[in-house]
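1. Fold the following for me, if possible:
(4 chains)
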Number of protein chains: 2
Amino acid sequence: MRKKTIEDYVELVFDLQKNKKRVHTNDIASALNINPASVTEIFQKLNEASYVNYEKYTGVTLTKKGRKVAIATKKKHDALKEFLMLLGCEKKTAEVDACEMEHILHPSTMDIVLKFVEVVKQCKVTPFWLERLKEYVRTGELPKCPSELAEICLKYSKTKNKKNIL
Amino acid sequence: MRKKTIEDYVELVFDLQKNKKRVHTNDIASALNINPASVTEIFQKLNEASYVNYEKYTGVTLTKKGRKVAIATKKKHDALKEFLMLLGCEKKTAEVDACEMEHILHPSTMDIVLKFVEVVKQCKVTPFWLERLKEYVRTGELPKCPSELAEICLKYSKTKNKKNIL
DNA sequence: AATATAATTTAGGTATACCTAAAAATCTAT
DNA sequence: ATAGATTTTTAGGTATACCTAAATTATATT
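-> You can find the predicted model right below:
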């Protein structure tokens, strides 16, 4: 698996901190299936960089900086997951892929994803083109685009060069 | 930067092999800004795993297996790049992000991306909803959806629950 | 409060992906 | 064909993200 980033750890601390005040090495160790001794090292590093307040033998809490990073990362994660699910990904796959993508995408790409989700979600009915894509993914057969829909789309398109359209 | 995968190396060998029969340590080293000595190690590893035929001092060529992986990776890369550009990413950003995504996405997600590109590309005019998204990304203002378009979309939507629509 | 149990840290180890410097092989120009 | 320049490899080093085993500290039971 990919090397874990600071964001990964901070986000995990954030999640675990909801149930208990302080997050202990064991919490992280069992969540990530690594040795508690390794988590001690991670805590020391996160502490160095001021993402957590670390006190020997008593675990960590997030600092303001850490919380900020965690929330930002979660936001990205949720948007990406929703984005993938809108496109037809299964929930589980979307979860996993979002977790990878949240660390690598350029901010401007992330912005597009956010806006994509926003725009599609403010449509209270699944847009036709999305249904069409999903059906294609599901069945392997791309449904025809009704000609009256195509014509209207063409009419409102700015880059006019009449052909078929979603 | 992310740890380079076997796919990264194999793809690069594939690209470099177009101009010259054999790919040498120096070719990879200067492409990736790493030391030629490191490339020797990489060549040995790729050779072990049968992605390349490696002969000391004379560089490598791809094996059948290596070529297969390279082509599959390139296909993913190109589809992802196009996908991102269709959504409004700049070419350079799309290139970089595609390069990261190609290694991490679940095959089923990759399939959706491929189909997305295919569906949008067979529209010979940019679909209205995509133009709308792009304008939103560019300007921060989401254009209104013309009511006659919304109505038609609603008519053809399968999950009926009338509201505004792309 | 003392002690047994559990959690945490320390110390030292492994694997890997890079590095540098020097040795070895290959290429080039005469 | 060979000397000099270039490329490649080898040998040994660094950094890091993990590990195990043993030592230390905290917690829980009586």
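
2. Skip ahead from the longest helix seen in chain A and say which helix or strand is next.
-> Longest helix in chain A, counting residues (DSSP state H): helix A:64-86. For helix A:64-86, the succeeding helix or strand toward the C-terminus, using DSSP states H and E, is helix A:91-104.

3. and chain A, which of its residues are near DNA strand C?
-> With CB under 7 Å from any atom of the strand as the criterion, chain A meets DNA strand C at residues A:24-26, A:29, A:36-37, A:39-41, A:43-44, A:54, A:56-57, A:59. C-beta coordinates here come from the backbone N, C-alpha and C atoms, glycine included.

4. mind giving me the domain split of chain A?
-> Domain ranges of chain A: A:6-67, A:76-121, A:128-166, per automatic domain parsing.

5. Ends of the longest one, what's the gap?
-> Spelled out, it's domain A:6-67. Domain A:6-67 has an end-to-end distance of 12 Å (CA to CA, to the nearest Å).

6. Need the CA coordinates for stretch A:140-151. PDB is fine.
-> Coordinates of each C-alpha in stretch A:140-151 appear next as PDB, following Å, rounded to 0.1, in the frame of the first residue of the first chain:
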ATOM      1  CA  GLY A 140     -22.600  -2.000 -21.500                       C
ATOM      2  CA  GLU A 141     -25.200  -0.600 -23.700                       C
ATOM      3  CA  LEU A 142     -25.400   3.200 -24.300                       C
ATOM      4  CA  PRO A 143     -29.000   4.400 -24.500                       C
ATOM      5  CA  LYS A 144     -29.900   6.600 -27.400                       C
ATOM      6  CA  CYS A 145     -30.200  10.300 -26.700                       C
ATOM      7  CA  PRO A 146     -33.700  11.400 -27.600                       C
ATOM      8  CA  SER A 147     -33.500  13.700 -30.600                       C
ATOM      9  CA  GLU A 148     -35.600  16.500 -29.100                       C
ATOM     10  CA  LEU A 149     -33.200  16.500 -26.100                       C
ATOM     11  CA  ALA A 150     -30.300  16.600 -28.400                       C
ATOM     12  CA  GLU A 151     -31.800  19.500 -30.400                       C
END
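
7. got the buried residues for the strand or helix carrying A:V119?
-> Per DSSP H and E, A:V119 falls inside helix A:107-121. Under the neighbour-count criterion of 16 or more other CB atoms under 10 Å in any protein chain shown, helix A:107-121 has A:T109, A:M110, A:D111, A:I112, A:V113, A:L114, A:K115, A:F116, A:V117, A:V119, A:V120 buried.

8. One more: stretch A:23-37?
-> Neighbour-count burial for stretch A:23-37 [16+ other CB under 10 Å]: A:V23, A:H24, A:T25, A:D27, A:I28, A:A29, A:L32.

9. Which two of these have the greatest separation?
-> Within the buried residues of stretch A:23-37, A:H24 and A:L32 form the most distant pair, 13.2 Å apart (CB to CB).

10. Any figure for the gap between the residue nearest in space to the middle of chain A and chain B?
-> The centre of chain A sits closest to A:H77, judged by CA atoms, centre = their mean, with a distance of 2.1 Å. Distance, A:H77 to chain B, by CB to the nearest CB, to the nearest Å: 14 Å.

11. Surely that residue is in contact with A:E102?
-> Yes: A:H77 lies in contact with A:E102 (CB atoms under 8 Å); the separation is 4.8 Å.

12. and the residue nearest to the centre of chain A, what pLDDT?
-> According to the prediction, A:H77 has pLDDT 96.

13. what about stretch A:54-70, how long is it end to end?
-> 17 Å.

14. what residues does that stretch touch?
-> A:6-7, A:10-11, A:13-14, A:17, A:21-25, A:27, A:43-44, A:46-47, A:50-53 (CB atoms under 8 Å, 6 or more residues apart in numbering or on different chains).

15. before we move on, what about stretch A:106-122?
-> Counting by CB under 8 Å, 6+ apart, A:76, A:79-80, A:82-83, A:86, A:105, A:127, A:130, B:84, B:87-90, B:93-94, B:96-97, B:129, B:132-133, B:136-137, B:142, B:164, B:166 sit against stretch A:106-122.
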